[in-house]
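> what's the 3D shape of this:
(one chain, ligands or ions: 2)
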Amino acid sequence: MDKMNVLLLGGGGREHALAWKIAQSPQLGRLWVAPGNAGTLSVAENLNISETDFLAIKQVILDNDVHMLVVGPEAPLVKGIREYIECDSDTEHVKIVGPGREGAKLEGSKSFSKDFMHRHKIPTAKYGKFNAKDLDSAKAFLDSLNPPYVLKADGLAGGKGVLIIDDIDEAKKSLEEMLVGGKFGAASTTVVIEEFLKGIELSVFILTDGKTYVLLPEAKDYKRIGVGDTGLNTGGMGSISPVPFANEAFMQKVKDRIIEPSVNGLKKDRIPYNGFLFIGLMNCDGDPYVIEYNCRMGDPETESVIPRIDSDLVSLLAKCADGELENAQIEVNPETVTSIMLVSGGYPENYEKGKQIYGLENVNGSLIFHAGTMVNQEGAVVTNGGRVMTVTSYGDDIQSALNQSYSETQKLYFEGMYFRNDIGFDLD
Ligand code: AMP
Ligand code: GLY
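Ligands and ions are numbered 1, 2, ... in the order given. A predicted model of the protein is given here:
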């Protein structure tokens, strides 16, 4: 088989982990990451273009004979990168990993995804969807639920569009701010109100070609900034894979009740889908319910999931793009992988960038996946975002993997560096 040139879009820890794995493939020709970070530079060539600059992306494909485009984040997918590349006779031959605009709506529109689940009888929280003209019925729906109340802006809101509120009056006030006051701009012209699900969360991932699927390792992520899962929501402070409660019996329920009806639902609705599908689940007393779909891999879950995949990723991705996943197999490393996210002081609120990162050369026995980093004009690796990098380690069990990650973390320093010291506290 000819070697494949790959262009990967994105610049976070997820993309460094994907690039690290893609770079190990004997099938790889050249690998570019746009825009990438200081970490992807060690395994690929970075391109200084935005992941949503479709014109520039197309030019890169043409200039470099790119054979496969792998889309890391949701924004280009929701904006229609697949259609842009696929519908142009100059680039229609390119393999694309990532769904089209319609499939990406599973993430881009909460009401679309809730209606999809309802239509295909996929277990999820009871819900209603409302516009500004439905304010009274929306309030009546809130009255019919028990606290806490879950309000979701329909569209993408940078991970901030979900409010969970204990008090009914406050919930009604926030609802009005979203629908009438433009709290999340256009994203909240429609609001989904949901029943609150009590349980423990789990992230499940598949690679699908819209006909069949390959199950990837599951993971748990830790979203809050503070110890004990307290404080503000972040992009994710750490992850662990595998997850002990996702045992065979539970995962069988996930396959039967959620994954298969989801893939079949896409087929029935005639929504082509070649790419990753991330299913955020709540385990409610042993039964899985879908919290959300994402049309991409999770971050920082990917940093713990990808290192557990022993199979060649380029060949799996090519099969996914070509609709040939039917007999694809995936070999999974049974070890545990943990990722601790190092973040900038002040994150997820205001933080400074440009802080030099010390000690990278001393890390051994763990992987470092860069997120918000860059190489400055003097050639130093500096912070360039809120989430800076993960310290990712293998172990025979959660504790030994965590011990390794935390011990290597001691070797790293940048001004303001913060991390949670209790990743995995709720497992075992
Ligand atoms: P989402 O953007 O839909 O993933 O929501 C963000 C977070 O809010 C989820 O990861 C959950 O922790 C929480 N959440 C969302 N919907 C519910 C629900 N119906 N019940 C309980 N928690 C929820
Ligand atoms: N870690 C959650 C996400 O990527 O959305």
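
> which SS state does whatever residue of the stretch 251-400 of the chain ends up closest to ligand 2 fall under?
Closest approach between the stretch 251-400 of the chain and ligand 2, counting by Cβ to the nearest ligand atom: residue 298, at 3.6 Å. Just so you know, the C-beta spots here come from the backbone N, C-alpha and C atoms, and that holds for glycine as well. Under the three-state scheme (DSSP: H, G, I helix; E, B strand; the rest coil), residue 298 adopts coil.

> how many other residues sit next to it?
Counted with other Cβ atoms under 10 Å, the neighbours of residue 298 add up to 23.

> Repeat that for residue 14.
Using other Cβ under 10 Å, residue 14 has 27 neighbouring residues.

> how about it, phi and psi?
Dihedral pair for residue 14: phi -60, psi -50, per degrees, to the nearest 10.

> quick one: pLDDT of the residue of the stretch 251-400 of the chain closest to ligand 2?
Per-residue pLDDT puts residue 298 at 98.

> ranges for the strands of the stretch 301-428 of the chain?
Along the stretch 301-428 of the chain, the stretches classed as strands by DSSP state E, counting those that start in this stretch are 336-343, 367-370, 373-375, 381-383, 387-395.

> and the ones you listed as a markdown table, adding distance to residue 360, mean neighbour count and mean pLDDT?
As requested, the strands of the stretch 301-428 of the chain are arranged in a markdown table below (distance: least, Cβ to Cβ, whole Å; neighbours: other Cβ atoms under 10 Å; pLDDT from 0 to 100):
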| stretch | distance to residue 360 | mean neighbour count | mean pLDDT |
| --- | --- | --- | --- |
| strand 336-343 | 11 | 27 | 98 |
| strand 367-370 | 6 | 26 | 98 |
| strand 373-375 | 9 | 21 | 98 |
| strand 381-383 | 6 | 23 | 98 |
| strand 387-395 | 9 | 26 | 98 |
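
> In TSV, list these along with distance to ligand 2.
Converted to TSV, the strands of the stretch 301-428 of the chain look like this (distance: least, Cβ to the nearest ligand atom, whole Å):
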stretch	distance to ligand 2
strand 336-343	10
strand 367-370	14
strand 373-375	18
strand 381-383	20
strand 387-395	10
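
> Tabulate these (CSV), appending distance to residue 93.
As requested, the strands of the stretch 301-428 of the chain are exported to CSV (distance: least, Cβ to Cβ, whole Å):
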stretch, distance to residue 93
strand 336-343, 36
strand 367-370, 31
strand 373-375, 33
strand 381-383, 37
strand 387-395, 35
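
> Could you check how far the residue nearest to residue 4 when sequence neighbours are not counted is from ligand 1?
Leaving aside its chain neighbours, residue 4 sits nearest to residue 67 (4.6 Å; criterion: Cβ to Cβ, 6 or more residues apart in numbering). Using Cβ to the nearest ligand atom, to the nearest Å, residue 67 is found at 34 Å from ligand 1.

> can I assume residue 67 is in contact with residue 5?
Yes. Contact criterion Cβ atoms under 8 Å: residue 67 and residue 5 qualify, at 5.1 Å.

> More neighbours: which of those two?
Neighbour tally, residue 67 and residue 5, criterion other Cβ under 10 Å: the higher count belongs to residue 67, 20 against 17.

> which ones are touching that one?
4, 5, 6, 29, 94, 95 (Cβ atoms under 8 Å, 6 or more residues apart in numbering).

> go with 10 Å
Taking Cβ atoms under 10 Å, 6 or more residues apart in numbering as the criterion, residue 67 is in contact with 2-7, 29-30, 61, 93-95, 314, 318, 321.

> Please work out which residue of the stretch 201-350 of the chain is closest to ligand 1.
Nearest residue of the stretch 201-350 of the chain to ligand 1: residue 292, at 3.6 Å (Cβ to the nearest ligand atom).

> Tell me, how many residues neighbour residue 187?
Residue 187 sits with 22 neighbouring residues when counted by other Cβ under 10 Å.

> Nearest residue to it in space, ignoring adjacent ones along the chain?
That would be residue 155: by Cβ to Cβ, 6+ apart, it lies 3.4 Å from residue 187.
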